[in-house]
Each structure stands twice: as structure tokens, then as C-alpha cells.
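> What follows is a predicted structure for the sequence shown.
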Amino acid sequence: MVQQQYDRYTAQDQLVWKVLFDRQTALLHKRACSAFGRGLAAVGFHRNAIPDFEQVNQRLLKATGWQLEPVQGLLGDADFFGLLAQRKFPATVWIRSMEQFDFIEEPDLFHGCLGMYRCSWTRPLPTFCIFWAAWPRSTCMMLPP
């Protein structure tokens with residue numbers, strides 16, 4: 001089992017998070033619904049620090065029945081969909097470097113936290129949470145053993 005070791009994030013890691021967060025939220029204020037911004041605040045995402053999964057999970061679980069599941073890197077289909085079926089969003093614990101700022105080969109912490117799953121973290125969007133739980137169950141049935 002992977003754990004987020006929060007004290008190992010460097011000042012450079014925190015800066016990468018801050019710059020990515022600022023850039024993304026500037027775009028989203030023009031393109032996303034207001035519930036998205038409320039969702040960020042509700043789970044405790046802000047520009048000043050990389051999210052602490054333990055703290056986020058307390059809020060996220062209470063609000064949606066979901067939680068972040070720390071993972072080392074890219075997952076295979078069965079593992080990815082298996083976690084979603086358990087109402088766990090896989091999120092890596094590493095964050096890209098400044099050299100990788102605009103492109104990375106595999107998902108990092110920023111992608112996992114703010115990229116892929118962000119629209120599931122706000123109420124009133126229970127339908128989307130139900131979809132995220134049901135979708136992997138049907139997909140897992142289609143994967144080869």
C-alpha cells in the first residue's frame with residue numbers, strides 16, 4: 001500500500017502545485033460551473049499547498065462517499081477500475097518537476113487531484129458519483145482475466 005509522505009514534498013514541489021493550480025483555476029473560472037469552485041474549497045484544495053490526502057479524505061468521504069487512494073503511478077485497467085468500483089479515486093503521490101511542467105508521460109498528483117475527478121466532488125452532483133461507481137463495475141466485467 002502506498003502512502004503519501006507529506007513531509008517529503010519540497011519547496012519546489014509546492015511551487016509547482018501553486019503555479020499549476022493558479023493556471024488551471026484561471027482557465028476554469030471562465031469555463032467551469034460555479035459548483036466546481038465550491039467543490040475545490042469544500043475538499044480543501046487551494047493554491048498554497050499540495051493537498052494532504054488524509055485531510056482531503058475526511059471532507060471528501062463525508063461529502064460524497066468517495067476518497068483518494070494513493071498509488072505509485074499508472075495503474076492497469078483492472079486495478080484502476082477496481083478502485084473506482086470501491087469509490088476510491090487513484091491519485092499518485094508524486095508531482096511533476098518544473099522541467100515537466102507542460103507535459104508528463106503519466107498522471108501525477110496534480111492530474112489525479114484536479115484533473116480527472118474534480119467534477120465528482122461537489123454537491124449537488126450525486127448522479128455523477130453514482131456513474132463513477134457503476135461505470136467500473138460494468139467495465140471490469142469486460143476486462144480479460
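Yep, it's here. Numbering: from 1, shown residues only.

> hang on, residue 93 packs against residue 1?
No: shown here, residue 93 and residue 1 do not form a contact pair, counting by Cβ atoms under 8 Å, at 11.5 Å. The way it works is simple: take the backbone N, C-alpha and C, and place the C-beta from them, glycine included.

> Mutual contacts of those two, please.
By the contact definition Cβ atoms under 8 Å, 6 or more residues apart in numbering, residue 93 and residue 1 are jointly contacted by residue 70.

> Which secondary structure state does residue 68 sit in?
Classification of residue 68 by DSSP: H, G, I helix; E, B strand; the rest coil places it in strand.

> Test my guess that it contacts residue 113.
Yes: counting by Cβ under 8 Å, a contact exists between residue 68 and residue 113, whose distance comes to 7.2 Å.

> of the two, who's got more company?
residue 113 (26 against 23; other Cβ atoms under 10 Å).

> still on that earlier bit, mind listing the shared neighbours of residue 68 and residue 113?
Counting by Cβ under 8 Å, 6+ apart, the residues touching both residue 68 and residue 113 are 56, 91.

> which of residue 93 and residue 1 has more neighbours?
Applying other Cβ under 10 Å to residue 93 and residue 1 shows that residue 93 carries more neighbours, namely 21 against 5.

> For residue 52, give me its contacts.
Residue 52 touches 4, 6, counting by Cβ under 8 Å, 6+ apart.
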